[in-house]
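In: sequence plus predicted model, see below.
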Number of protein chains: 2
Amino acid sequence: MTSAAYKGLDRLDAVSIANRGLNYGDGVFETMRVHRGELPLWPRHLARLLEGAARLGIAMPDVDFIEARIADMVSSVEAGVLKLLLTRGEGGRGYAPPSEAVPTWMLSLQPLPAMQAELDVHPCETRLATQPALAGIKHCNRLEQVLGRAEAARAGCDEGLMRDMAGNPVCATSANLLVLRAGRWRTPPVEACGVAGVLRGWLLVQGLVEVAPVTSGELEDANAVALCNAVRGILPVRALGAREWSPDPATDELQARLAMAYPMFQDAGSKP
Amino acid sequence: MTSAAYKGLDRLDAVSIANRGLNYGDGVFETMRVHRGELPLWPRHLARLLEGAARLGIAMPDVDFIEARIADMVSSVEAGVLKLLLTRGEGGRGYAPPSEAVPTWMLSLQPLPAMQAELDVHPCETRLATQPALAGIKHCNRLEQVLGRAEAARAGCDEGLMRDMAGNPVCATSANLLVLRAGRWRTPPVEACGVAGVLRGWLLVQGLVEVAPVTSGELEDANAVALCNAVRGILPVRALGAREWSPDPATDELQARLAMAYPMFQDAGSKP
């Protein structure tokens, strides 16, 4: 893994114990696909990062400088995953954000994970709490996802379905949920909980998916279910607990539409 | 500030960018008063740390080794605050907790903060989400408290009152809430949100305080209000927004009961 941390324009040798990311999860992050030296969905990742920093009141470091450091790191990379982590910086008296804090940001490059053709999803018992102040952004308070993902791993599944406190499906631990009913793809709203995924945003703008609540019953009798994220693209769900779905041409079509705009996602969901 | 980080029995030079505390707030912590080389409430702090680690599925490092390192750090300290931070360690594929993760734990020693005689408290707009899976323990997902404390600072107040999604008072950002009504001290339950404070636990076991829900109306017309935590002891609330309280002998008596058991808290709440 290649990685680097910065404070302002200075490269750091180490992350301080006093970093507020470490102490309170006081930060935001983006996990991005790298393809032939570029980040295909970078403008959307940057927009969410800016929104997250603004909502948490974290000063945004110089974007040109960040982009230059990203270019240094990925310019010769054929395929991979780049994570950008931005925290409020160090110190402060307890929870109080120090007004003079200089944000810390970090880049780390990892190999592209093996892509699966289809996913077995575990319905997690861990629920997503309703918190409009934090919903939508990709902040670093992720214990719900950690607990959900641990449940999925214990069940031998690839991913975990997260539901809200009322029991309605919202998303997977690290992907958004796409539900096909009556020929239309829906994705649940993320104003109360969940993350506004970058690829979900692209699908919405293209008019390929619409935002609509989905009940557990509606998910159960959907024609097809898929997950999407900015690293893996669109992945068909084969099973959710005991419910199984056969491959549906509508999922192939959605994948094809994505691959027309972003060819690097062509392999996602292909048979291994 | 004196600080040290450990992984198993090894002292670390730096905290890795891959630390799950930094990435997901995947850890628990304790903030403890140091008095003449000892931690007065250590058994209660340790019990909560063990419960938090168990609930999150974080392997607990060797307690004897931790206690020995704490003794090294505080044995000659007259007064201070010791923070112990335990994270799940490094790595893993995304949110999935790596089964082989070796937890990282850190100690940092800071000066005892100046104690205030009474507090002005801001009623925060930021609410506490209902999340029974995380309530009670002192985990590192603290963005709600960071946002609440920032509100309090903007209002020029010492602390912030946090309410649940139904609008009922739960606690302050870094202290539990004590509400005097009809001669009895109440503290709201922390099964849905909030932290089960160590000093709150002691007050409950002593029979000095009882657990009972408190509505905003009941808080408004309480006879007295105080906050408690394991560093500052019991601090009277002078004002909550526009509502002000005069000093009440019941608060002095509660402070005196605490000081009988733990004399180091005698100065907390005394006039500056």
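Out: Thanks, I have the structure now. Numbers count the residues shown, from 1 in each chain, chains lettered A, B, ... in the order given.

In: tell me how far the closest residue to residue A:71 other than its chain neighbours lies from chain B.
Out: On the basis of Cβ to Cβ, 6 or more residues apart in numbering or on different chains, the spatially nearest residue to residue A:71 that is not a chain neighbour turns out to be residue A:37, at 8.0 Å. (Glycine included, C-beta is placed from N, CA and C.) Between residue A:37 and chain B the distance, using Cβ to the nearest Cβ, to the nearest Å, works out to 22 Å.

In: model confidence score at residue A:37, please.
Out: The predicted local distance difference test score for residue A:37 is 97.

In: if I read this right, it contacts residue A:76, doesn't it?
Out: Yes - A contact is recorded between residue A:37 and residue A:76 when judged using Cβ atoms under 8 Å, the distance being 6.4 Å.

In: just to revisit the earlier point, list the residues that contact the residue nearest to residue A:71.
Out: Shown in contact with residue A:37 (Cβ atoms under 8 Å, 6 or more residues apart in numbering or on different chains): A:71, A:74-77.

In: may I see the ChimeraX selection of the buried members of the residues you listed?
Out: A single ChimeraX command is used to select the members of the contacts of residue A:37 judged buried by 16 or more other Cβ atoms under 10 Å in any protein chain shown:
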select /A:74,77
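
In: quick check, nearest of the contacts of residue A:37 to chain B?
Out: Using Cβ to the nearest Cβ, residue A:74 comes nearest to chain B of the contacts of residue A:37, at 16.4 Å.

In: need phi/psi at the closest one.
Out: Summarising the backbone geometry of residue A:74 under the convention degrees, to the nearest 10, its torsions are phi -110, psi -10.

In: pull up the distance across stretch A:223-242, start to finish.
Out: Distance between the boundary residues of stretch A:223-242 (Cα to Cα, to the nearest Å) amounts to 15 Å.

In: now do stretch A:75-94
Out: 40 Å.

In: quick one: contacts for the residue of chain A at minimum distance from chain B?
Out: Using Cβ to the nearest Cβ, residue A:25 is the residue of chain A that sits closest to chain B, at 2.6 Å. By Cβ under 8 Å, 6+ apart, the contact set of residue A:25 is A:139-142, B:24-25, B:140-143.

In: report the buried residues of stretch A:159-178.
Out: For stretch A:159-178, the neighbour count (16+ other Cβ under 10 Å) marks A:159-165, A:168-178 as buried.

In: ok, and of those residues, which contact chain B?
Out: A:165, A:173-174 (Cβ under 8 Å from any Cβ of the partner chain).

In: could you export those residues as TSV, including distance to residue B:107 and secondary structure?
Out: Conversion of these to TSV gives the following (distance: Cβ to Cβ, whole Å; DSSP: H, G, I helix; E, B strand; the rest coil):
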residue	distance to residue B:107	secondary structure
A:165	36	coil
A:173	32	coil
A:174	32	coil
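
In: and the contacts of residue A:25, which of them are in helices?
Out: Mapping these onto helices (DSSP state H) picks out B:24, B:143.

In: adding distance to residue B:221, write the contacts of residue A:25 out as a markdown table.
Out: Written out in a markdown table, the entries for those read as follows (distance: Cβ to Cβ, whole Å):
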| residue | distance to residue B:221 |
| --- | --- |
| A:139 | 37 |
| A:140 | 40 |
| A:141 | 35 |
| A:142 | 40 |
| B:24 | 42 |
| B:25 | 37 |
| B:140 | 36 |
| B:141 | 34 |
| B:142 | 31 |
| B:143 | 32 |
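
In: closest one to residue A:9 out of the contacts of residue A:25, please.
Out: Using Cβ to Cβ, residue A:140 comes nearest to residue A:9 of the contacts of residue A:25, at 22.9 Å.

In: measure the nearest residue to the closest one once chain neighbours are set aside to residue A:95 for me?
Out: Setting aside the residues directly before and after it, residue A:140 is nearest to residue A:25 in space (Cβ to Cβ, 6+ apart), at 4.0 Å. Counting by Cβ to Cβ, to the nearest Å, the gap from residue A:25 to residue A:95 is 12 Å.
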